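Q: I need the structure of the sequence given here:
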Amino acid sequence: MNTFKSTTLAIQHLLAMYAGAILVPLIIGGAIGFDSEQMTYLVAIDIMMCGIATLLQVYSGKFIGIGLPVVLGCTFTAVSPIIAIGTNPEQGITDIYGSIIASGVIVMIIAGFFGKLVKFFPPVVTGSVVSIIGISLLPVALNNMAGGQGAADFASRSNVALAFITLVIILIVYRFSTGFIRAISILIGLVAGTILGAVMGKVDFSPVSDAAVLHMVQPFYFGMPTFNASAIITMTLVAMVSLVESSGVYFALSDICNKKLDSKDLARGYRSEGLASVIGGIFNAFPYTTFSQNVGLTRMSGVKDRKVIYITGGLLVALGFLPKIAALTTIIPTPVLGAAMLAMFGMVITQGMGMLVPVMNESAENAMIAAIAVGLGVGVSVVPDIFASLPPGVAILTSNGIVCGSVTAIILNILFNMIGPKHKQDPMHGEVQ
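A: Prediction:
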């Protein structure tokens, strides 16, 4: 394959993942209260780290790299926990990066035997966790659709109209297109919504004009990391759920590429994701995982050459040194961003539901596990002080809805499905031993 064709296909891969890649820093930075300069840096370093994480994974070495045409980006699973840590009065932004680094190190340590731990993360557990995360993020999306919490024009007609017009554009593109265009429907919606927002006077171009043409990235931009036990537990659970999701992507790509994977291949893949998280934490970016939309693009195009993904990774790294391009993403009007968030977070919820429905149909036990785990997880997210009177050691597991829901799902799955005799459902006579 010639370089021009490879580069064209690489740009296609970059566009397919770009909306997801920029949404994460925009959501997190907005929730924590970053200014335009900090947001520009956050977007730029995230794009660059997507490239580095991709290069680490597509490479096939002795200790790292799954060696498949996989593109990585920040996992949406991490968005809600990162916001929770960053906005917690007892924690803060340095705890975010300490927990990302620590969870990455833990992943690298357990990579060799994570296959044995996977049994503790069956679909009833991972589906519950993904559902909790998606539901917990919806208030962020809706607040942004209204113009952003605390905005002077919050819930104004113009903000709501702009948000829903953007959402309609996304839906129309998704409904009436196929293939690659459908894959970038959210990106198209963001661009169209921003143009409309500019016409309505809701776009401030000063962050673009103020941004430098080139900049050098620097480690610990937001301060030296600090290590909080609760934050580390939260991000480690998020990392393990991401590894389970990545495993599915690995096997899907291995099927497309006709390459059988063994435990050593998986360990190298997990180790790469852990290393990417460590580097991400050092440069104040995020934890990284496989992007499933790019798997669909690989299947659609039929191109399995890793050279294409190497170029994609290189382009992402290059973009990370161009703050003006990063600044372009920060001018997206908040209602437009909220509309895209609603679509993305809604997809996260339906992904969780898709994991849960088959296993809930298999047994009443799984339905009860999901019901209690999701109920507690979302409940604690809505009423975070419910367990405030518990001892600090226990509060580590109950102060965050995602941790609480995850731990509940894991424990209930062990009690119902892994300990004692199996209960099977007889459709004619009810439950039998």
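Q: buried residues, the strand or helix carrying Ile188. List them.
A: Here Ile188, judged by DSSP states H and E, is contained in helix 185-199. Residues Ser185, Ile186, Leu187, Ile188, Gly189, Leu190, Val191, Ala192, Gly193, Thr194, Leu196, Gly197 are the ones in helix 185-199 that count as buried (16 or more other C-beta atoms under 10 Å). For every residue, glycine as well, the C-beta is placed using N, CA and C.
Q: next one: stretch 394-411
A: Residues 396-410 are the ones in stretch 394-411 that count as buried (16+ other C-beta under 10 Å).
Q: in PDB, list the C-alpha atoms belonging to it.
A: Provided in PDB are the C-alpha atoms of stretch 394-411 (Å, rounded to 0.1, in the frame of the first residue of the first chain):
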ATOM      1  CA  VAL A 394     -15.600   1.800  54.800                       C
ATOM      2  CA  ALA A 395     -16.400   5.300  53.300                       C
ATOM      3  CA  ILE A 396     -13.600   4.700  50.700                       C
ATOM      4  CA  LEU A 397     -15.900   2.200  49.100                       C
ATOM      5  CA  THR A 398     -19.200   4.000  49.600                       C
ATOM      6  CA  SER A 399     -18.400   7.700  49.000                       C
ATOM      7  CA  ASN A 400     -18.400   7.300  45.200                       C
ATOM      8  CA  GLY A 401     -21.400   5.900  43.300                       C
ATOM      9  CA  ILE A 402     -19.300   4.100  40.700                       C
ATOM     10  CA  VAL A 403     -17.100   2.400  43.300                       C
ATOM     11  CA  CYS A 404     -20.100   1.600  45.500                       C
ATOM     12  CA  GLY A 405     -22.000   0.100  42.500                       C
ATOM     13  CA  SER A 406     -19.000  -1.800  41.200                       C
ATOM     14  CA  VAL A 407     -18.100  -3.300  44.600                       C
ATOM     15  CA  THR A 408     -21.800  -4.300  45.100                       C
ATOM     16  CA  ALA A 409     -22.000  -6.000  41.700                       C
ATOM     17  CA  ILE A 410     -18.700  -7.900  42.300                       C
ATOM     18  CA  ILE A 411     -19.800  -9.100  45.800                       C
END
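Q: for it, give the mean pLDDT please.
A: Computed over stretch 394-411, the mean pLDDT rounds to 80.
Q: how about the helices in the stretch 1-150 of the chain?
A: All helices of the stretch 1-150 of the chain, identified by DSSP state H, counting those that start in this stretch, fall at 3-32, 36-58, 79-87, 93-110, 114-117, 123-145.
Q: can you put these in JSON lines and add distance to Leu68, mean neighbour count and mean pLDDT?
A: Formatted as JSON lines, those follow (distance: least, C-beta to C-beta, whole Å; neighbours: other C-beta atoms under 10 Å; pLDDT from 0 to 100):
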{"stretch": "helix 3-32", "distance to Leu68": "13", "mean neighbour count": "20", "mean pLDDT": "84"}
{"stretch": "helix 36-58", "distance to Leu68": "7", "mean neighbour count": "25", "mean pLDDT": "92"}
{"stretch": "helix 79-87", "distance to Leu68": "25", "mean neighbour count": "24", "mean pLDDT": "88"}
{"stretch": "helix 93-110", "distance to Leu68": "18", "mean neighbour count": "23", "mean pLDDT": "95"}
{"stretch": "helix 114-117", "distance to Leu68": "17", "mean neighbour count": "15", "mean pLDDT": "76"}
{"stretch": "helix 123-145", "distance to Leu68": "21", "mean neighbour count": "24", "mean pLDDT": "86"}
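Q: which of those helices sits closest to Leu316?
A: Ranking those by proximity to Leu316 (C-beta to C-beta) places helix 36-58 first, at 2.9 Å.
Q: helices and strands around the closest one, which ones?
A: helix 3-32, strand 72-74, helix 206-210, helix 263-282, strand 288-290, helix 306-319, helix 323-330 (3 or more C-beta pairs under 8 Å, 6 or more residues apart in numbering; DSSP states H and E).
Q: what about 7 Å?
A: For helix 36-58, the elements it packs on are helix 3-32, strand 72-74, helix 263-282, strand 288-290, helix 306-319, helix 323-330, judged by 3 or more C-beta pairs under 7 Å, 6 or more residues apart in numbering; DSSP states H and E.
Q: low-scoring stretches of the stretch 151-300 of the chain, by residue?
A: 292-293, 296-297, 299-300 (pLDDT under 70).
Q: how about 80 then?
A: 179-180, 183, 244-245, 248-249, 252, 255-256, 292-300 (pLDDT under 80).
Q: between the buried residues of stretch 394-411, which is nearest Val374?
A: Of all those, Gly405 has the smallest distance to Val374: 6.4 Å, by C-beta to C-beta.
Q: which strand or helix spans the closest one?
A: helix 401-413.
Q: ok, Ala343 to Gly112 distance?
A: Applying C-beta to C-beta, to the nearest Å, the value for Ala343 to Gly112 is 38 Å.
Q: pick out whichever of those two has more residues nearby.
A: More neighbours surround Ala343 than the other of Ala343 and Gly112, with 18 against 15 (other C-beta atoms under 10 Å).
Q: the more buried one and Ile170 touch, don't they?
A: Yes - with contact defined as C-beta atoms under 7 Å, Ala343 reaches Ile170; the gap is 5.5 Å.
Q: which residues do those two both contact?
A: With contacts defined as C-beta atoms under 7 Å, 6 or more residues apart in numbering, the residues shared by Ala343 and Ile170 are Ile186.
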